Each structure stands twice: as C-alpha cells, then as structure tokens.
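K.L.:
return atomic coordinates for the entry below.
(chains A, B, C and D)
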Amino acid sequence: MGNVNVKQVDRVKQGLWEKSYIPEILRGLSVTAGHFFRNLSPNKSKRTIFTRDYPEEPTDYPDRYRGLHRLMLREDGQVRCVACMCCSTICPADCIHIEAGEHDDPGIEKYPDVFVIDELRCIVCGLCVEACPCDAIRMDSGVHIPPYTERSDAFYGRDLLMELGGLSQAKQGGDRSPS
Amino acid sequence: MAEDIYEPIDQDVHTEPMILQMGPSHPATHGTVRFTLTLEGEKIIKCETEVGYLHRGFEKEVENSTWTQVFPYTDRLNYVSPLLNNFGYSLAVERLLEIDVPPRCNWIRTLMGEISRLSDHLTCTGAAALELGAMSAFLYAIEGRELVWDLIEEVTGARLTVSYGRIGGLKDDLTEGFEERWKYTKKRLFEIREEIGQLLTRNRIFLDRFQGTGVLTPDMALSYGYTGPCLRSTGVDYDVRKDHPYFMYDEVDFDVPVGSKGDNYDRYLVRMDEIVQSIRIIDQCLEKMEPGPINSDDPRVMLPEKEKVYNTIEGMISHFKIIFEGIQVPPGEVYSYTEAGNGELGYYIVSNGTGKPWKIHVRSPSLIMMGGIHKLIEGGLIADIIPTFDTVNMIGGECDK
Amino acid sequence: MPKVTINDTELEVEKGTTILKAAAQAGYEVPHFCYHPALSIPANCRMCLVEVEGAPNLEPACYSEVTDGMVVRTKSERVVKAQKAVLEFILLNHPVDCPICDQAGECKLQDYYMAYDAQESRLRTEKNQKVKVFPIGPEVLYDGERCILCTRCIRFCEEITGTNELTLIQRGDSAEIRTFPGKELDNPYSVCTADICPVGALTSRDFRFKCRVWLLTSTDSVCTGCSNGCNIHLEHFRNEIQRYRPRYNPEVNDYWMCDEGRLTYKEVHDDRLRRPMSNGAALNWHGVTETTRDKLNRALKDGGASHFGFVISPQASCEDLYLAKRFAGDVLEVDNLYLGGKPDGWEDDFLVKADKNPNRQGVNAVFDGLDQFGDIESLIEDMESGAIKNLYMMEKHLPVDDETRGRFLDAIDELDLFVLQGQHHAELSQKAHLALPACSHAETEGTFVNFDGIAQPFEQAFAPHGDSLPHWQIFMKLARAMGSPLSYTFVHQIQDEMFQASQDDGEAAQTPAE
Amino acid sequence: MVEVLISLLKITVIVFVFVMGVASAMTLLGDRKQSAKIQNRVGPNQAKFFGFSLFGFPHFIADGIKMVLKENIVPANANKFLHTIAPALVFMPALIGWSVMPFMDHFCTGTVQTLPDQNYTEICTGPGAEWKNYFSIMHMNSGVLFAFAIAAISVYGAAIAGWASNSKFSLLGGLRSSAQMISYEVSMGLSLAGVLMIYGTLNINEMIRMQGNLLGDWLPMWGIVIQPVAFFLFLLAGLAETKRAPFDLPEGESEIVAGYITEYSSMKFAMMQLAEYAATVFIAALVAVVFLGGWQFPYVYADGIRIFGGHWVPFGEEVWYWISIFLRIGAMVFKILFLVWLQFMMRWTLPRFRYDQVMTLGWKILLPLSIANLFVTALVLVIIW
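P.N.:
Numbering: from 1, shown residues only, chains lettered A, B, ... in the order given. This is a model prediction of the structure:
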C-alpha cells in the first residue's frame, strides 16, 4: 500500500530587503545572464542551446514515430494491400480512399486499383496500421508530411506510397498445399 | 443588474462603465473563451464568461465512431496532457466491459499518465510566466516539456496526439532504453524547476501579481465544482488519486500538496510541487514494474496478435469483426473519473450494446471551472485576469467539447 | 398442439414445427448454415445441434420436429461444445480470405465464430487448396476453398428455379460444387445463390470488389425493373447504389429477385440529367422555372390546350402521377394525355413480368383507368402534321419500337415547345426547349402499385443527385409560378388527399393509400 | 557653408548611422539573438546574404522590407489624420534628443592641457586654439533640459495613437502610457536634480568633463559614484519611460493586446517599434552621460594617461590626442551598448508590473526617495561647500 500524505505548500514571507526588488532582480539576472554567457562561450560543447537548426539538422525520429504512410511490397514487388478496406473503415478522419480491382494473378485476386491517402486530412493516429490484416500499410517511414502549396499535392497515391514502402517479409495466409 | 452598476457612477460626473470584449481571439484567452468585461477604469465590476468558440463537437462526434475510434478524439480534450484523457477513457470503458487489465498495463498507465501531468503543469506554469512577460521562465519550462514529450514520442510514436490508450490495454509497451532516458530527463527537470523557481518564486514583481489575486475560498471552489490543483490550492485535499485510487496509485507513495489562501500564488506553488510528486511517482513505477503482458486477454476486446491475423482464419475473423463492428460493449452506463491535469476528468458513458457509444459525456474540469471564473475575476483589475486565467489553466479543447 | 420447453421457456407450438422454429418463437437463436426457410432441409452442416432431453445424441434443430413435452436446451455445455467443434471443423480448411472476400461483413461464419466459438484453432497441418475464382455462371463466381458445402445453392436450383444446374462432386475434403457438364449457372435468378450462400463461396460478379458490405446503408425499397415490384434492400454507399438485395415479402417475391432486376440500379446513375436546362444550356431552378412558366403560358395562349400534348410516365410514383394529373388537368387544362413508359419485354411464370414499368397500375388508379390516354402512334402523327405543337413529357420512355422512336425524335424538331421532365438525358435533353431534372426512386419517397394492385411504399435512400427534384416538387414549382392554388409541401399531404379521393370514389381497394 | 556641411555630416552619422543603426539593427538583432541565448535558443539565422546568415543580421533587412510591403490598415471610424501622425510623434522625439548628445569632447585646434590640480579640467591652449564642436550635433548650454523636454513630448504620440485608433484596447494602452510616462517624468527629473546641483551646469558636455575628475587621484568622479541612489532611481524611471519590460504594461500583450499599437500595421507599426528601441538607446545614452561619465574613459585624458598623480604619454602628444579621441568615442558607445544590453536583460528576466503597482512604485516609492535624495544632497552641499 502506498503512503499518501497531505502537505501544505510554503508561501514566501518576504523581509524588507527582499521587498526592495533588488536581490531578486539580481538573482533573476544572474540566471538569465548565466545562460547568456554560457551560450556565448566559444566552446560549443559548453553551450546549452536546446533548439536545433531544423532543416539543416534534421531530428532523428524514434522508431515508433508515426510519419507518412507507406505501402509495403510483396517479394515480387507487387503491393501487399488487397483492398480489404479495414484501414479506411477504422480511419476516424476518413482520409483513405480505396477502389478495389481484379488482379491478373489469380493467387492475389484483389488489389487496390486506386489507393489515395489525403495526408492533410490524416490525423496520424495510427489506427490504420493496427487495422491492417496484411501488413500492407505502415507509418514508420520516419518522415513527416512536407509542406505543400497545392492541396492536391498532399493526396498520396498508391505508387507514391509504394515508393516510400519497403519489402515486408510477413507471412500471409497460413500453410497451404495443393490437395 | 446593469442599471445597478451605472447608478452610483452616474451621480457625480457623467461617466459610464466601459464594456470591453476580451476574446475570443485575444492573446490571453488561450484557446477560445470570451469575457465581456464591464470596466470602471481598469477595475472589473462585472465579467460574463462565454465558452464554445472551438466548435469541437466531441460528444456528438463520438456517437458516430466505434469505441476504438474515440481515442484520437480524447487526445484533443486536454491537449497538453492527452495521455491522461486516453487512460481515463480506457478505464471507463473497461469498467463498463467489466474486464481487468494486467498489472504491467496499470503500471505503465500510471507512469505515462504522470509524465503527461508533468507536461501539463510545466506548460501551465510556464504559460503563466510568459503572459506576465517573463518569457525566459516560459521557455525554460517549455524546454522541460520538450524533454517530457521526447519520452512520450519515443513510447507512443507521437508528441501531442498520442492515441496511446486502448480498451483493455495499451498500444505498445515501454521502449528498452526508457529508464535511462527518464533518468536524464529527471535530472534536467529538477534543474529547470530550480531555475524557474529562482526567476519567479521569490521575485517581488511576481509575488505582487500572484499573491492575493484570483482568490478562491474552499466553499466557493466546492460549490462551483472546482477540482484538481485549483481546489487543492484552497486547502481542500481532494485528489482522485488519493481518495479513489485507480490504476496503481494505491501502491505508490506521494504527497498531495495543498495551499491555504486559494490565490494564484497557491495554485502556482501547488503545481510546482505536483511536478515533484509526479517525478516521485514515476520513479516508483519504474522500480516496482515487472515484465509481463500489457494487454487483456479478452478476445472480445483485444485485436489478436498480428501473427495470428496473418495466418489463421480464426485470428482474421476476430480481427475483422472488431475492426468493422467495433468492440461490443454490453448495454449499460458507467461514470468513471480520474485525476487529469486540471482536476477530475469524468466520463459518463451509456452503451446500447453495439460497437458504437450511445452517448459519452465528459465531465471536463476546464468547462466546469469556467462556470465560476467570473467570481475570481470580478473586483480585480484587467491585468489580474492574466494570472488568474493562467493558473486556472483553461484548455480550450476540454472546455468546448 | 404440442407443448415444448426450450431453455426454461415453455411454449405451445403448431404440430410439425421444427425445434429451430420453436426456439425462434421462444426468442432463442439457433445457429445454422444449411437450413434456409424456403428450401428443403438436408441437415448437413450440424451447426444447429441442440440437446433434447432423453435423446442419446444431439439433434439437428432444423430437422427435428417438436413433440409434446419435449425439453430442449440450446445453450447447454454439450451444445456449446458441439458448436465449437463444428465451427472448428468448418474453419479447418477455410482460407484466410476475409480481406479479399466480398462476404466479409455479412458472413455467417464470421458472426458465428465470434458468437459461438472465439477460440484458437488446433490445426497444425496445411490447408487444402481448391479452385478459386471459378466462373460457375455468367453472373456468379465460385470459390471452392471458402465453400462449406451446405448445398443451399444446389437446392435452390432444384427447388426454386427447377433448372438443376448444380451438383456436388468428389468426396470428403475434396468435395466441391460444380455445374453438370455442358451447363452453367445461367438461370435468370442465379445471383440468388450468392445471396443465400452463408459464406463467400458464391459471389456476384456485378458486386465483386465494389464495396465492403459493412459500409453499406440499407434502405427498404422496391425494384423498378418490371411491374412485379419485388421488395428490395437498396444498399448504397456515398450517395451511390451499390446493389439491390431481395427483401422478404411472401406476397410478392418471397426471398428472391431476378438477375435482370438487380442490375436496374445502374439506370439510376447512368446518363443523369443533373441541372435544369434551357435549350441545352444548364441553368438554375430559379431561372428555369420562370422561363418554363413564360413558355407554357405563351404556348397555351397561342395554340390553346388542343395543341398541347402531355405524356404521363408509368415509371413515376403514385404521388408524382397525382400531381401530374392535377398539373395537366387543373393548371394547364390539357386534355391530350398520353401514356409513356417502357415497351413490353419478356416474362416468365415466376417473378419477371412483361410490363417493364413499375407503376402502370398506379396510373390506372390515379387516372381512374387507362382509357383516356391517347395512342402514341397518333401522337407522333399529330406532331408530324402539326396538330400537336407543344409537348410536355415525363421521363424518356415511350412504349414503341426503335423505328417509331426515331420518328418521334424527328417530330420533336417540328414542335414549338418541348418540355422534358425526367431523370435522364437520353437523346431528348438536347432537343428539349426545357429539360427539368427529376430524381429517381432512390432519392425520394413514394408508392408503386404492382401488377397485382398491391401498393408498396419505398423510402428515400440518399440526397438527390445534382439539382434534381422529385416530379411532384417540379410540378409544384411550376404550378406556383403559374399562379395555381396547388399547395403541397410534404409527400404525406398528397398521400392523404389521394386516399381521400379514393375513399370518395369508393375505390379504396385499388388505390394506393400509404 | 562648411559649418552647414559639417552639421549635416554630424546629423547623418549620429542620427542615421549610430542611432538608427543601433536602435534598429543592433537592438532588433540584439533583442532577438540575446533573448535566444538567454533562452537556450539559436535565434534568427534563416535570412541569408549569399548563403551567410551573419548572426541573423539580414533578418533586420528582411523585416524592414516586410514592413514596407505590408498593407497599411486604418480601422474604421478611426481619426485618420491623428492615426497617421501618431507614429511620427512617437518617433521624432526619440531622435531629436540626440542633437545634444556629445560623443566626444569638443575638438581642440591647438593642444589640450589637463590641469590635475583644478579638478582635471582640460583646457585648449596654443595660438588661435579654440574648441570646435564636431562630436555633437548641437552645442547647447541647457542640453539636459532640452533632452528632457523632448523626451517628454513622446507621450503625446502614445496618447494620440491610443485615442485615434478607435479601439478600446488602444485607448487603455494610451491612457496607461501617458499616466506612466508623466508619473515617472517627475521622479526622473527629481533624481536628476541632485546631480545637477553637484555639477552646477545644464550643459551635457560640461557635465561629462566634470566627471573626468579623479577623486583622490584614482576614483573617477562619475555620477554613479557621487549620486548612487539617484543612479538607481534614474535607471528605474528611465526603464519606465521607455515602456519596456518590466514596465511594458502600456502594450502588455497578454492584457490589452498591444496597447496603443494594437491597430497599427505596416511601416507605422515599424515606426512605433523603432521608436521604442530608439528610446531605449536614448535613455541608455542619457544615463551614460549623466551617471557613467559619458565619453570619459577612466584615466585617459587628451594629453596622456593620468593616475595617482602620475602622467605619461605613450605615443607622443599629437598621436595620443587622436588615440584618446577614438578611445573616448569607443567608451561612449560601449557605455550605451552596455546599458542597452542591461535593459534587455531586465526585459527577458522580469515579469510585468501591474498598472496600479507601477503607479504605487512611481508615486509612493520613487518620488519620496528622489526627494529625499535631493534633500540629502542639498544638505551635504551646504555643509561641505
């Protein structure tokens, strides 16, 4: 069992000297001036600059970072997606548009004839990745959406998403053998 | 009412009170709230608060989404501490489903929730300093928040809109190097808290602005339904984590800081102290946590493992059913409440047994606090709105649900 | 009347009732795959096994009839175990096809797995491979792996259509559904096999991969393919009809509908007239209403009502027809009425009727008989001779052959005024001086009277396409513009008045009154 | 003719190069870069000259271009005329004050001689030698008064801007600024009075010369040494005069949006901002000349270095005179920049006062203190002299 106490916070009682503004202003100035001079120091490792020059020094995103979508590929370079529409069903922003088509390979049957994600409308919740039963859609591309001047540029089509994608080794469909 | 105000001023010289529209787009009304102030000089003799400019439609929107799809919406309630909202909602639905989650899940929820609370309090105190003009203190606080968000990003995959909670579990376990990163963050957080304290806590300008302004009495706070740091600043020691423990809060030691006067300064101190308490709780969580599953094993609720989805028809079927029908929550209703950044965050959920909520009402602390804020503002000066409004910490997303 | 106890519920049922039906009456669902109420009972899937007290084995509920004093348990431990076993067995060779299967979402296998099984498989060997995407008929595709061999489709072809195309070949886990040699599943009701297939083994070629069924919204409607008026579920997604599915109505179509009728939904979206047009240019309603008013007034003033023809369409609902009657009779005061509609087609002795218009009986009821309508041939002759100078036409259809229609099209050029009010451009909208877009039965509500005189209401599924409006609203717009006192704002006002009129005429039995 | 040309040159160099340069470029840049360093940020570095970010300097140019190109908006029902001239009214005083600000002693055409026994007074000797005023635009006997008079005018600009904008926030800002500036004008003047009593002159250059005196042959007799209390009071009042944090409540952005600047846009807004920075530099200069010895470089005199009664000339008198000129100009500039830096440090450190607290501070604390200071000074003067 945890031990939970109630405690009263201490309010500051000021003396006359502290009431004269001067000590606290000096103390404050010492903090800010400390930062100022530390960050001017010629030794770069001593500086405590926290921000970064973004475009020149890109951030490393953690592995789990949800960025742009990508469509994974089969071993033969075909798209893994079979247009089951699970992702567009679960998508709270309704940003995935899929039109299924008949694939030439009867072993694949169904594939996305049209697969468009409106990346501007996407709220990056990652539910589509969880909903995908084929390991076809992922958001671990490690890049975020670039700025666009044209809204239509942010509609990512199937081929563009496949370019971002990579090979998925996930096994699919269980064991099957000809009878 | 208005006539009463005019009369005494009218008697000697012909003057009349100035009506000032403060907000909804005003630098101090972060988010969107409107104050209609009746001013006598700079003194506020009447304040009418109006909320609802954010047009989120949370409660209506979720009626059209499955139980799982609600998570992104809850992220945007109190967008400074989205994890707390996620977990509060998870807990509510789990209570309705009557399922238990594994202990590790609860530990992680406690831990990540407190991390989120850190972000909330750092933002709140920082923003209060910023709007008083102490820009540097704000940016130091934001630096601390960035460190906290880095942790959140590493675990959840996003900084702000995390969507990390799941009904019956979590999206992911903690990452491997989490503990080391936390140790570094903790060290920096203490330094930052110290620096902010040096800049503000004893500074007379700051004290003059904060002490004795926005005074809330315990009676008033209770009758207006204030909770969280605002209520505790008046000396009432109500904390959901203490009084109705959930997750693992009954397994950890922590203090509940309370104030005495209920003014802005007390609220500031309470928040600064809660930062320390949250750090304590996180440390204990990491210490006491044991490896294990993070998700409930109820097949009605949890999506099957990916391996099974890909390769067995049984996994595929339950995956599909949960995706397109949603989790089937039995009919019933529940009110479940947790301690969020600003106070008691309650979800009142009614289910009609389908995959979509029939109704979700959120008892969001900010909206309720806006109901009584005029009492804190009236009688003060225009400039007093700023610290009062900041320490009450209204979050637009939560206010205009 | 035998008394039976099902899971503590005691009830009295008709003699000869099966346990499954008795359980349904008592409010208990007994899962089943092969049983279909309209077909014979083979009891081969074993999903409906229930425990009957005293019986040594579990009994198939679909087949066993209740006896007096019978005690049935549908949820006992043995039954649950049996259900799990049956489902596990059926799923053994079932492919992991949900993502590409059109049935996913309305699949019995999915529903029952979640409701009665929800456990992992113990299968450790490989699954069988069988034929996939086999074109078993022009409208239907067969997937052997998904098939659970319930034989519903075979029984449908034997018992309902009597065409006997399908049979079961091979044995054991090699068994498959096939057509007899030299035959294919090409009877006019073949897509019904896809409907009754509890899994995704038989799927409709038209609906293939078009939309996931869980995204569909279903609206109760009536098929407009012929005058039979089969009841349908009109299933649509994003303002587009995705498919028709038969709706059970024992008086009209039972569980079935024909393949041809299923495809009539395409008419709703093809070649639609979306904007009001004047001389081929798209306008808005405001402008077009005024132009139409002026032109109609001038036509009536110049030529008088005797030179004015009005073509009524049996494709429109009773409400539309009633307003057409009021508009032609009271506002335009035209006597030269003609009846349009599609020409007759083929029929059979089951559901398909020769009259391809859904509401000819509605015209009959609204206009008190069909005698007053002039002959289309004579209309064309009059147009050619100049006796009819102005024509107001509802919908594009005329019950004539292509040659006569060609004559009609040529004769339009001779007209002073040709107003088209319909859903489609056809060839007419470019020739029309005014083209007013009307909406289809999916976009409004109304009533059709089928060949048998049964009035059947249909509901609005989605918002009208483009600027189109229901026929009756267009008539109201024009009538108001022309200063007529007609005032209907809601469909129910028209319906009430129609009902009143039919009461007054003492023809209640024949008239739609929904 | 030559006189006029020299005057124009002085105006150009002082007002346009130094004041505008420091006020706009260095302060904008300093404000931004300095605040960035204080707050662990990088600061502006994206605007570039040929690929070089030059410590963010091009941002100043980019800002200027942006401001010029922006749309000029005048609110509906605003008084257009007053709304338009208000920025000029704010801006002009900040520049006019510089006309009496000396950057160096008068130039001597002969040789300069320092008299240590006469309070280190420098005299210009030699045939036909005279003081030539080359380092301040205007030589005025009542320079301090002039500077104050001009500085006080800028209150009109703020008040007019607040009223003419037809916005309640602007009005509040205008009221606050006029009340604040007038209040602090009083204690500023009174705290200065003590200094004036000691120096006995209103001529700024004279005051600076007097500060060249070495007390006990080693301590420069700057205003800060002889009037430390007045220095603090003057600095505080000066901060309040410039309406910069922690006294920036006339435009306290979280309370009354931007005060009297709320309704300004485009170059008018830039003028308001520049005026504020120019005022910051002006106050810095005023504090420098009155309390920090102005152009006095400790122990550096026109005829050599003097300390503890010693005297030596490192490079020969002629060369040294020129070196001393540069050192003294440098000292003046350095003092101004240091005070600007200090003001910015305060601005990024301290929270803002509240309106009534500013008034309390001004009338109840600063005013009595400055009167007391004046009284004590007078008493001491009476007793000593």
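K.L.:
where do the strands of the stretch 101-250 of chain D begin and end?
P.N.:
Here the stretch 101-250 of chain D has its strands, by DSSP state E, counting those that start in this stretch, at D:107-108, D:111-115, D:121-125, D:131-132, D:214-215, D:219-220.
K.L.:
kindly reformat these as TSV containing distance to chain A and mean neighbour count.
P.N.:
For the C-beta atoms, the positions are set from N, CA and C on the backbone; glycine is no exception. Listed next are these as TSV, based on distance: least, C-beta to the nearest C-beta, whole Å; neighbours: other C-beta atoms under 10 Å in any protein chain shown:
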stretch	distance to chain A	mean neighbour count
strand D:107-108	37	18
strand D:111-115	37	16
strand D:121-125	36	15
strand D:131-132	40	15
strand D:214-215	25	16
strand D:219-220	23	15
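K.L.:
output these in JSON lines, with distance to B:Phe35 appended to each entry.
P.N.:
Compiled in JSON lines, those are given as follows (distance: least, C-beta to C-beta, whole Å):
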{"stretch": "strand D:107-108", "distance to B:Phe35": "61"}
{"stretch": "strand D:111-115", "distance to B:Phe35": "66"}
{"stretch": "strand D:121-125", "distance to B:Phe35": "63"}
{"stretch": "strand D:131-132", "distance to B:Phe35": "62"}
{"stretch": "strand D:214-215", "distance to B:Phe35": "58"}
{"stretch": "strand D:219-220", "distance to B:Phe35": "55"}
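K.L.:
how about stretch C:354-373: buried residues?
P.N.:
Buried positions in stretch C:354-373, judged by neighbour count with 16 or more other C-beta atoms under 10 Å in any protein chain shown: C:355-368, C:373.
K.L.:
distance between it and the chain's centre?
P.N.:
Stretch C:354-373 has its C-alpha centroid displaced from the chain centroid by 20 Å (C-alpha atoms, centre = their mean, to the nearest Å).
K.L.:
how about stretch D:352-364?
P.N.:
Relative to its chain's centre, stretch D:352-364 lies at 23 Å (C-alpha atoms, centre = their mean).
K.L.:
so does it get close to chain B?
P.N.:
Yes. On the criterion C-beta under 8 Å from any C-beta of the partner chain, stretch D:352-364 is in touch with chain B at D:352-357.
K.L.:
now list the buried members of the residues you listed.
P.N.:
Burial by neighbour count, 16+ other C-beta under 10 Å: within the residues of stretch D:352-364 next to chain B this picks out D:352-355, D:357.
K.L.:
between those, which is nearest chain C?
P.N.:
D:Arg352 (54.8 Å; C-beta to the nearest C-beta).
K.L.:
dump stretch D:297-314 to PDB, restricted to CA.
P.N.:
The C-alpha atoms that make up stretch D:297-314 are tabulated as PDB, following Å, rounded to 0.1, in the frame of the first residue of the first chain:
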ATOM      1  CA  PHE D 297      37.500  56.700 -20.500                       C
ATOM      2  CA  PRO D 298      38.900  56.300 -17.000                       C
ATOM      3  CA  TYR D 299      42.400  57.700 -16.700                       C
ATOM      4  CA  VAL D 300      42.600  58.600 -20.400                       C
ATOM      5  CA  TYR D 301      43.000  62.300 -21.000                       C
ATOM      6  CA  ALA D 302      43.600  64.200 -24.100                       C
ATOM      7  CA  ASP D 303      47.200  64.800 -23.100                       C
ATOM      8  CA  GLY D 304      48.100  61.400 -21.800                       C
ATOM      9  CA  ILE D 305      47.200  58.800 -19.100                       C
ATOM     10  CA  ARG D 306      46.900  60.100 -15.600                       C
ATOM     11  CA  ILE D 307      46.500  58.000 -12.400                       C
ATOM     12  CA  PHE D 308      47.700  58.500  -8.800                       C
ATOM     13  CA  GLY D 309      49.100  61.900  -9.900                       C
ATOM     14  CA  GLY D 310      51.300  60.200 -12.500                       C
ATOM     15  CA  HIS D 311      51.300  61.200 -16.100                       C
ATOM     16  CA  TRP D 312      52.700  59.700 -19.200                       C
ATOM     17  CA  VAL D 313      52.100  60.000 -22.900                       C
ATOM     18  CA  PRO D 314      52.600  56.700 -24.800                       C
END
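K.L.:
only the buried residues of that stretch, if you could.
P.N.:
D:297, D:299-306.
K.L.:
near chain B, list only the ones from the residues you listed.
P.N.:
When contact is defined as C-beta under 8 Å from any C-beta, the buried residues of stretch D:297-314 do not meet chain B at all.
K.L.:
in the longest helix seen in chain A, what counts as buried?
P.N.:
Ranked by residue count and defined by DSSP state H, the top helix of chain A is helix A:22-40. By neighbour count on 16+ other C-beta under 10 Å, the buried set for helix A:22-40 is A:23-25, A:28-29, A:31-33, A:35-36, A:38-39.
K.L.:
in chain B, which spans are strands?
P.N.:
Taking DSSP state E as the criterion, chain B carries its strands at B:18-22, B:33-40, B:43-51, B:165-166, B:169-170, B:254-258, B:332-340, B:343-351, B:359-363.
K.L.:
out of those strands, which one sits most buried?
P.N.:
Stretch with highest mean neighbour count among the strands of chain B: strand B:165-166 (a mean of 28; mean count of other C-beta atoms under 10 Å in any protein chain shown).
K.L.:
could you see whether chain A lies near it?
P.N.:
No. Strand B:165-166 does not reach chain A (C-beta under 8 Å from any C-beta); its nearest approach is 8.6 Å.
K.L.:
same thing with stretch B:192-202?
P.N.:
Yes. Counting by C-beta under 8 Å from any C-beta, chain A is contacted by stretch B:192-202 at B:195, B:198-199, B:201-202.
K.L.:
point out where the stretch 1-150 of chain B drops to low pLDDT.
P.N.:
B:1-14, B:31 (pLDDT under 70).
K.L.:
which positions in it make contact with chain A?
P.N.:
The stretch 1-150 of chain B has residues B:65-66, B:68-69, B:71-73, B:75, B:136, B:143, B:146 near chain A, with proximity defined as C-beta under 8 Å from any C-beta.
K.L.:
just these: which are in helices?
P.N.:
Counted as lying in helices by DSSP H, out of these, are B:71-73, B:75, B:136, B:143, B:146.
K.L.:
related to what we said a few turns ago, could I get the buried ones among the residues of stretch D:352-364 next to chain B as TSV with secondary structure, distance to C:Arg171 and pLDDT?
P.N.:
Below are these laid out as TSV (DSSP: H, G, I helix; E, B strand; the rest coil; distance: C-beta to C-beta, whole Å; pLDDT from 0 to 100):
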residue	secondary structure	distance to C:Arg171	pLDDT
D:Arg352	coil	90	85
D:Phe353	coil	95	85
D:Arg354	coil	93	84
D:Tyr355	helix	96	82
D:Gln357	helix	97	85
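K.L.:
now, which of these sits nearest B:Asp219?
P.N.:
D:Arg354 (27.2 Å; C-beta to C-beta).
K.L.:
who touches the closest one in this structure?
P.N.:
B:208-209, B:381, B:383-384, D:249 (C-beta atoms under 8 Å, 6 or more residues apart in numbering or on different chains).
K.L.:
at 6 Å instead, please
P.N.:
By C-beta atoms under 6 Å, 6 or more residues apart in numbering or on different chains, the residues touching D:Arg354 are B:209, B:383.
K.L.:
and what of C:Phe310?
P.N.:
C:328, C:334, C:337, C:392.
K.L.:
can you give me phi and psi for it?
P.N.:
The phi and psi torsions at C:Phe310 (degrees, to the nearest 10) take the values phi -140, psi 120.
K.L.:
return the residues of chain A in contact with chain D.
P.N.:
A:28-29, A:32, A:35-36, A:39, A:48-51 (C-beta under 6 Å from any C-beta of the partner chain).
K.L.:
redo these as JSON lines? Include pLDDT.
P.N.:
Shown next, in JSON lines, are the residues of chain A next to chain D (pLDDT from 0 to 100):
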{"residue": "A:Gly28", "pLDDT": "83"}
{"residue": "A:Leu29", "pLDDT": "85"}
{"residue": "A:Thr32", "pLDDT": "85"}
{"residue": "A:His35", "pLDDT": "84"}
{"residue": "A:Phe36", "pLDDT": "86"}
{"residue": "A:Asn39", "pLDDT": "83"}
{"residue": "A:Thr48", "pLDDT": "80"}
{"residue": "A:Ile49", "pLDDT": "81"}
{"residue": "A:Phe50", "pLDDT": "82"}
{"residue": "A:Thr51", "pLDDT": "83"}
